[in-house]
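return atomic coordinates for the entry below.
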Amino acid sequence: MARQLISALRFAGHAVDVASTFRSFDGDGNPERQDTIRDAAEAEVGRIVHNYRAAAESQRPEVWFTYHLYYKAPDWIGPRVSRTLGLGYVIAEASHAPKRASGPWALGHEAVTNALGAADSVLALTERDIPCVRSLLHARARLLHLPPFLDPAAEVDGVTGDEDRDSCRDALAKRYALDGTKSWLLAVAMMRSGDKLQSYRHLSRALAALPGDDWQLVIVGDGGARADVEAEFSPLGSTGRGGRVACLGELAAPGLQRVYAACDILVWPAINEAYGMTPLEAQAAGLVVVAGDAGGVREVVRDGGTGVLVDPDDCNAFSEAVRSLLDDPVRRRELGRRGRRFVREERSLAAASGTIDRAVVHAAETRHDAARRAS
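Just a heads-up that it's a prediction; the model follows:
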């Protein structure tokens, strides 16, 4: 999403400078490490302020933009730099969890609270984040809903129409011993422990219960838990040995686009996921989605309109949803067409850039007004 945000800012006419690649993440809840990170951030603030003060006036920013802060990864830099240089301060995708006010991440929680209190504009990527964030904003701050988005033209670049779909299917079938007469299910996700592995496990159980011999599964992804993922799906067998599953590993964007074009249904339980970009990418390519109704998935899939959402813990319901789409190719294609239109019209770079532009302009004007009042 960070790349999409930068693209949208530039699409709206803003110049973007990546001021820092500093990482504030502490996944272990180690207060000593958090203190060390905070101290390192102080030095980073000094470096950034020095560089911008030394720059020509035309090269100095008007707004500081921070993406994705929460208690494990607070923004130690943005509030300080903004206050010191008199910049507008924008946050995209902030999460505030009051239950973290005490415990091993209390320091990060406090930093998130302070950052939201300093923000002039906040872009919420999921509606579920809005209530806890809204109560912390100052009186002139603006809170805008910015659903996840992508550039549909980029996602399907070079893959258009039935002819290209057929050529993509032929190439994939030959390379991975897939059966072109069957429907191809698709899962795209990193293979790591935790929620991703849990989603893979739920998917394997749902597909083990899926009747019929008219489908195969394509998996795109890699990571430290790959052996565990492959073990989960081993009862279904590899397509190279007459089974159902083809594990492609990690693919670069062009290869992934061709896989999207070749497949029929995206399947993913989405255990504890914030939202995920994969459903948008799949819909941009015309795939219908079956996913777990969890987290912010409803921000990227229209239940009954572009896909089917089910209880992520109910493997039977997931299996039944997939079976219903396999049995109804007309409905499947119609939902796929709606998904492509949904991304193009409601989740596109152009649509998002307007919302982001309003947030940035408001933040800049708020700081300019404050400077005028102070002078």
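
Ala317 is in contact with Val308, isn't it?
No: the criterion here is C-beta atoms under 8 Å, and Ala317 misses it with Val308 at 9.4 Å. Backbone N, C-alpha and C define where each C-beta goes, glycine included.

comparing those two, which residue is more hemmed in?
Val308 (23 against 18; other C-beta atoms under 10 Å).

for that one, give me phi and psi.
Taking degrees, to the nearest 10, you get phi -130, psi 130 for the backbone angles of Val308.

before we move on, what about Ala124?
phi -100, psi 120.

check Ala350 too.
phi -60, psi -40.

ok, it - contacts?
Phe11 (C-beta atoms under 8 Å, 6 or more residues apart in numbering).

ok, now how distant is it from Phe65?
With distances taken as C-beta to C-beta, to the nearest Å, Ala350 is found 19 Å from Phe65.

what's the answer for Ala73, then?
From Ala73 to Phe65 the distance is 16 Å (C-beta to C-beta).

map the structural domains onto the sequence of this protein.
The chain breaks down into these domains under automatic domain parsing: 2-149+349-374, 152-346.

quick one: average confidence on the last one?
Taken as a whole, domain 152-346 has a mean pLDDT of 94.

tell me how many other residues crowd the residue lying closest to Ile130 once chain neighbours are set aside.
Of all residues not flanking Ile130 in the chain, Ala124 sits nearest, at 5.0 Å (C-beta to C-beta, 6 or more residues apart in numbering). Ala124 has 23 neighbours, counted by other C-beta under 10 Å.

residues in contact with the closest residue in space to Val300 that isn't next to it in sequence?
Counting by C-beta to C-beta, 6+ apart, Val300 lies nearest to Pro279, which is 4.6 Å off, once chain neighbours are set aside. Neighbouring residues of Pro279 by C-beta under 8 Å, 6+ apart: Leu266, Trp268, Val289, Ala291, Val297, Val300, Val301, Gly307.

need the three-state assignment for Val16.
Three-state assignment for Val16 (DSSP: H, G, I helix; E, B strand; the rest coil): coil.

thought it was touching Leu9?
Yes: contact criterion C-beta under 8 Å: Val16 and Leu9 qualify, at 5.1 Å.

more neighbours, these two?
Leu9 (21 against 13).

for that one, give its distance to Glu93.
14 Å.

can you get me a residue count around the nearest residue to Asp303 once chain neighbours are set aside?
Leaving aside its chain neighbours, Asp303 sits nearest to Leu309 (4.2 Å; criterion: C-beta to C-beta, 6+ apart). Residues within reach of Leu309, counting by other C-beta under 10 Å, total 21.

what's the answer for Leu251, then?
Neighbour number of Leu251 under other C-beta under 10 Å is 15.

Val49 too?
15.

when you give positions from now on, start the count at 829
From this message on, residue numbering opens at 829, which makes the last subject Val877.

confidence score at Ala1199?
84.

in this protein, what residue sits furthest out from the centroid?
Ser1203 (42.3 Å; C-alpha atoms, centre = their mean).

which one's more surrounded, Ala901 and Phe893?
Neighbour totals were compared for Ala901 and Phe893, and Phe893 leads with 26 against 19 (other C-beta under 10 Å).

OK, contacts around the more buried one?
By C-beta under 8 Å, 6+ apart, Phe893 lies in contact with Leu833, Leu837, Val918, Ile919, Ala920, Val1188.

part of a strand, is it?
Yes: per three-state DSSP, Phe893 lies within a strand segment.

that one bridge partners, please.
Note on Phe893: beta-bridge partners by DSSP bridges are Val918.

how near is it to Ala1187?
The spacing between Phe893 and Ala1187, counted by C-beta to C-beta, is 9 Å.

show me the strands in the chain, by range?
Ranges of strands in the chain, per DSSP state E, are 891-897, 916-922, 949-952, 970-973, 1011-1016, 1043-1048, 1073-1077, 1093-1096, 1116-1120, 1135-1138.

of all those strands, which lies closest to Leu1163?
strand 1116-1120 (4.2 Å; C-beta to C-beta).

still on that earlier bit, mutual contacts of Phe893 and Ala1187, please.
Residues touching both Phe893 and Ala1187 (C-beta under 8 Å, 6+ apart) are Val918.

returning to that earlier point: most surrounded residue in the contacts of Phe893?
Top of those by neighbour count (other C-beta under 10 Å): Ile919, with 30 neighbours.

contacting residues for Gly1040?
Here Gly1040 is in contact with Arg1151, Leu1154 (C-beta under 8 Å, 6+ apart).
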